[in-house]
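S.K.: sequence first, predicted coordinates after that:
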Amino acid sequence: MTFSIKAKLSAMMFLEFFIWGAWFVTLGTYLFNNLKTDATAVSVAYTSQAIGAIAAPFIVGLIADRFFSAQKILGVLHLIGAALLWCMPGATSFSTLYPFVLAYMIVYMPTLALVNAISFRQMTNPSKEFPPIRVLGTLGWIVAGFSIGWLGWEKEGTLDLTFKTAAIASLVLAAFSFTLPATPPVKKGSKTSFSDIIGLDAIRLLKNKSYLVFFLASVAICIPLAFYYNFTNPFLNEVGMQGAAGKQAFGQVSEVLFMALMPVFFTRLGVKKMLAVGMLAWVLRYVCFAYGDAGASYWMLIAGIALHGICYDFFFVTGQIYTDNLAGPQFKSAAQGFITLATYGVGMLIGFSISGPIVDSYKTGDLHLWTPIWLIPAGIAAVVLLIFLLLFRDKPTAPLQRPGNTG
């Protein structure tokens, strides 16, 4: 790649994740404080992400892969997204806001696959060239969080500005997308089956007992993960943390640091221990939240946030590598699509659906009893970890092959 292409792809990644981090992190706090909703409404709002994740393969598989260049679809989707984001703060109730949030996530979630596709098509060695570009996305999320914390929008009750900030950034990315390298459809004129779209070919992986255990653990661990996305920011603001969104961005800083260290850990620990450490980090994170406060135990809140790097990298990134190795070259894309649909789609949908009513059940007046709330996802994660340790076997396995293929 030329320097110009690298710079464009890096800017694309920065804006892509700046947009998401600029409003999604504080959405729960906005709903609580500005629209006076309950926790169930917050969880309903966040289910839009899972619905968008389920819809994304159809948009990418039916449109981007067959008819239009990826960079053009990216531009159109972000243009629509900018309009939806700009309209959100004008909603005066949850019932009028939710259609905008749902519509936005349906058009945004496919862009996550599109920015990856645009990047990979320009690379000759993705394993080396992609990480330095993808890390700009994490940096975009960090800058968004630090900016919200520094500007004090949570404290001042002006979180409506997060939507407008994201809308402006989305408009910028929409225009910028049309300057990105041409990425024409790879399956133009071909037929795409339902099985191809959602990666059903990769269901053969579930015949491997250990992979089945990993797959079910991945879906189950996304249930406590939903508690983190839904309620961490409202929780931190409620217990008195100043600039909570900015502090939460340290989780992404941790993600970058542990991503750099992963090759070392992977060599020494192996797949099973890496996955187990990742799940253990989920348990510890929620225990820290359960007993942390803005006083003497403030360090526990920071520790819970900082554990994000281990939670995400050790489990999800290791799981992606494990899936990639087991699937083999013929099923790589199908396998990654299948596990993403199951986790960010089905698993998160379950988690988002149950977390809100649970939080509402521990509400007293205008506050919540956060200790028992956080111990519930900690307990779920602990059970998943225990079952995984008992049933998963970390043994070398041959890549999956199509029937009759001996090569």
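M.R.: Noted; the coordinates are in hand. Numbers count the residues shown, from 1 in each chain.

S.K.: identify the residue nearest the geometric centre of the protein.
M.R.: Within the chain, the residue whose C-alpha comes closest to the C-alpha centroid is Tyr344; the distance, by C-alpha atoms, centre = their mean, is 7.1 Å.

S.K.: tell me the contacts of the closest residue to that residue other than its chain neighbours?
M.R.: Counting by C-beta to C-beta, 6 or more residues apart in numbering, Tyr344 lies nearest to Ala53, which is 4.2 Å off, once chain neighbours are set aside. Glycine gets a C-beta too; all of them are placed from N, C-alpha and C. For Ala53, the set of contacting residues under the criterion of C-beta atoms under 8 Å, 6 or more residues apart in numbering consists of Met109, Thr340, Leu341, Tyr344, Gly345, Met348.

S.K.: again, but for Thr40
M.R.: Contacts of Thr40 were listed using C-beta under 8 Å, 6+ apart, and they are Gly356, Pro357, Asp360.

S.K.: turn those residues into a markdown table, including distance to Cys288, neighbour count and secondary structure.
M.R.: As requested, the contacts of Thr40 are arranged in a markdown table below (distance: C-beta to C-beta, whole Å; neighbours: other C-beta atoms under 10 Å; DSSP: H, G, I helix; E, B strand; the rest coil):
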| residue | distance to Cys288 | neighbour count | secondary structure |
| --- | --- | --- | --- |
| Gly356 | 22 | 25 | helix |
| Pro357 | 24 | 12 | helix |
| Asp360 | 23 | 16 | helix |
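
S.K.: in the protein, where's the longest helix?
M.R.: Among the elements of type helix in the chain, defined by DSSP state H, the one spanning the most residues is helix 250-291.

S.K.: rewinding a little: wait, the residue nearest to the centre of the chain sits on Ala50?
M.R.: Yes - distance between Tyr344 and Ala50: 6.7 Å, which falls inside the contact criterion (C-beta atoms under 8 Å).

S.K.: give me the distance from the longest helix of the chain to the chain's centre.
M.R.: Distance of helix 250-291 from the chain centroid (C-alpha atoms, centre = their mean, to the nearest Å) equals 16 Å.

S.K.: for that helix, packing partners?
M.R.: On a contact count with 3 or more C-beta pairs under 8 Å, 6 or more residues apart in numbering; DSSP states H and E, helix 250-291 meets helix 126-151, helix 209-238, helix 298-306, helix 308-310, helix 318-327, helix 370-391.

S.K.: tilt between that helix and helix 126-151?
M.R.: Between the axis of helix 250-291 and that of helix 126-151 there is an angle of 60 degrees, by axes from the mean of the first three to the mean of the last three C-alpha atoms, to 10 degrees.

S.K.: residue numbering should commence at 79 henceforth.
M.R.: Noted, 79 is the first residue going forward, which turns the last one into helix 328-369.

S.K.: avg pLDDT for helix 328-369?
M.R.: In this model, helix 328-369 has an average pLDDT of 90.

S.K.: quick one: that helix to helix 376-384, angle?
M.R.: Counting by the same axes, to 10 degrees, helix 328-369 points 130 degrees away from the direction of helix 376-384.

S.K.: report the angle between helix 328-369 and helix 287-316.
M.R.: An angle of 80 degrees separates the directions of helix 328-369 and helix 287-316 when computed by the same axes, to 10 degrees.

S.K.: helix 328-369 to helix 448-469, inter-axis angle?
M.R.: Taking the same axes, to 10 degrees, one finds that helix 328-369 is oriented at 110 degrees with respect to helix 448-469.
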